[in-house]
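Q: Pasting a predicted model and its sequence here:
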Amino acid sequence: MDTAKLPLPRWEVDLLGDEHDLTHLAQNFTGDGLRIYKDDATGQTLMVLDDLPASASHADVLATATARVVVLSGVLKVARQAQTSLAVGSVVQRQVDGTRHAYLTLHATLVVTGEFDAQGYRRDANGQLVPIPPPVPLLVRLATLAQTDPIVAKVMRLVVMPDAGTWRGLVPIIEVIDHDAMLSGSSVVKKGWASKTQQKRFEHTASSSAAGDASRHGHERFDPPANPMTLDEARSFVKMVMHAWIADRVAQSETACNNSCSP
């Protein structure tokens, strides 16, 4: 990213975390919409907030940044199986004269994990090996979609809620996804993302005494199924449905863009 072309003055958020993860973010978010870069002078990894006015208060900038980072946190958890935390270290306003006003904050909101990069090659018409352009990572495609799609953004927030791995946290994720499918006249089952048996087994376990005190309801809405899901099975079920839904959402978005963005 050519930081010299970025507008001044501008707001930026300092991200703290594992160096490999920070490098990965800076390598993948270099274009419009979400820009993250490494400042060689300070060693900081900075997320640019150039859509905020210079007159914005530090509190407003922090609130905006936190909302975006929470969504990105979910994206990273889904796309990269995030395990470790990345924190917001400070809010920085970079001035036209090159000076920087830094406002220190400590707020852990983003999680990331590592992955390996590989370069593929193919032979051209002359038999020479040439690099194959890598596909756009799911991390970038999903983060881009979450910026404009409020339903995707909501699911990304839900997956990083403190109770996301419990029955009470898993059920809302499925409900949002199923309701989204219903808006187009379909359902999780009709889409083929899960069988009717799987869905009922999940719902009846979550809403019965089979889930124990962690049941989504204070009263027993259903009798326990004959073969209730374990919590680990429920997590795997939700992950399976969510990834199928995300693939469908991303494909729809990119198809729509190809149809409307082509010259």
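A: Noted; the coordinates are in hand.

Q: ok, residues contacting stretch 38-56?
A: By CB atoms under 8 Å, 6 or more residues apart in numbering, the surrounding residues in contact with stretch 38-56 are 3, 6-7, 9-17, 22-23, 25-26, 29, 34-37, 60-61, 64-65, 68-69, 89, 92-93. Any C-beta I mention is one placed from the backbone N, CA and C, and that applies to glycine too.

Q: quick one: which of the residues you listed sit in helices?
A: In helices, defined here by DSSP state H, the members of the contacts of stretch 38-56 are Leu22, Thr23, Leu25, Ala26, Asp60, Val61, Thr64, Ala65, Arg68, Val69.

Q: Give me the buried subset of the residues you listed.
A: Buried members of those, counted by 16 or more other CB atoms under 10 Å: Leu22, Leu25, Ala26, Val61, Thr64, Ala65, Arg68, Val69.

Q: OK, contacts around the fifth one?
A: Right, Thr64. Leu49, Leu52, Ala56.

Q: With neighbour count as added columns, please give those in JSON lines.
A: Rendered in JSON lines, the data for these read as follows (neighbours: other CB atoms under 10 Å):
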{"residue": "Leu49", "neighbour count": "20"}
{"residue": "Leu52", "neighbour count": "16"}
{"residue": "Ala56", "neighbour count": "15"}
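
Q: Could you single out the nearest of these to Arg235?
A: Of all these, Arg235 sits closest to Leu49, with 34.0 Å by CB to CB.

Q: From Val171, how far off is that closest one?
A: 34 Å (CB to CB, to the nearest Å).

Q: Ala244 now?
A: Ala244 sits 18 Å away from Val171 when distances are taken as CB to CB.

Q: Which one of the two is surrounded by more residues?
A: Comparing Ala244 with Val171 by other CB atoms under 10 Å, the one with more neighbours is Val171, at 20 against 16.

Q: Please report how far Arg201 lies from Val238.
A: Distance, Arg201 to Val238, using CB to CB: 13 Å.

Q: how about the strands in the stretch 101-250 of the chain?
A: Using DSSP state E, counting those that start in this stretch, the strands assigned to the stretch 101-250 of the chain run over residues 120-123, 129-132.

Q: lowest-confidence stretch among those strands?
A: When the strands of the stretch 101-250 of the chain are compared on mean pLDDT, strand 120-123 scores lowest, with a mean of 59.

Q: Where does pLDDT dip in this protein?
A: By pLDDT under 70, the weakly predicted segments of the chain are 1, 83-86, 104-124, 127, 129-135, 209-224, 257-263.

Q: element containing the most centrally placed residue in it, please.
A: In the chain, the centroid-proximal residue (CA atoms, centre = their mean) is Val75; its distance is 1.3 Å. Assignment of secondary structure by DSSP states H and E places Val75 within helix 58-80.

Q: Please tell me how far that helix is from the chain's geometric centre.
A: Chain-centre distance of helix 58-80: 9 Å, with CA atoms, centre = their mean, to the nearest Å.

Q: then that helix to PDB, C-alphas only?
A: Taking Å, rounded to 0.1, in the frame of the first residue of the first chain, the C-alpha atoms of helix 58-80 are listed here in PDB:
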ATOM      1  CA  HIS A  58     -11.700  10.300  20.100                       C
ATOM      2  CA  ALA A  59     -14.700   8.600  21.800                       C
ATOM      3  CA  ASP A  60     -16.600   8.500  18.500                       C
ATOM      4  CA  VAL A  61     -13.600   7.200  16.600                       C
ATOM      5  CA  LEU A  62     -13.000   4.500  19.200                       C
ATOM      6  CA  ALA A  63     -16.700   3.400  19.100                       C
ATOM      7  CA  THR A  64     -16.700   3.200  15.300                       C
ATOM      8  CA  ALA A  65     -13.400   1.300  15.200                       C
ATOM      9  CA  THR A  66     -14.600  -1.100  17.900                       C
ATOM     10  CA  ALA A  67     -17.800  -1.900  16.000                       C
ATOM     11  CA  ARG A  68     -15.800  -2.700  12.800                       C
ATOM     12  CA  VAL A  69     -13.200  -4.700  14.700                       C
ATOM     13  CA  VAL A  70     -15.900  -6.800  16.400                       C
ATOM     14  CA  VAL A  71     -17.300  -7.800  13.000                       C
ATOM     15  CA  LEU A  72     -13.800  -8.500  11.700                       C
ATOM     16  CA  SER A  73     -13.100 -10.600  14.700                       C
ATOM     17  CA  GLY A  74     -16.000 -12.900  13.700                       C
ATOM     18  CA  VAL A  75     -14.700 -13.000  10.100                       C
ATOM     19  CA  LEU A  76     -11.300 -14.000  11.300                       C
ATOM     20  CA  LYS A  77     -12.700 -16.700  13.600                       C
ATOM     21  CA  VAL A  78     -14.800 -18.100  10.800                       C
ATOM     22  CA  ALA A  79     -12.200 -17.800   8.000                       C
ATOM     23  CA  ARG A  80      -9.000 -18.600   9.900                       C
END
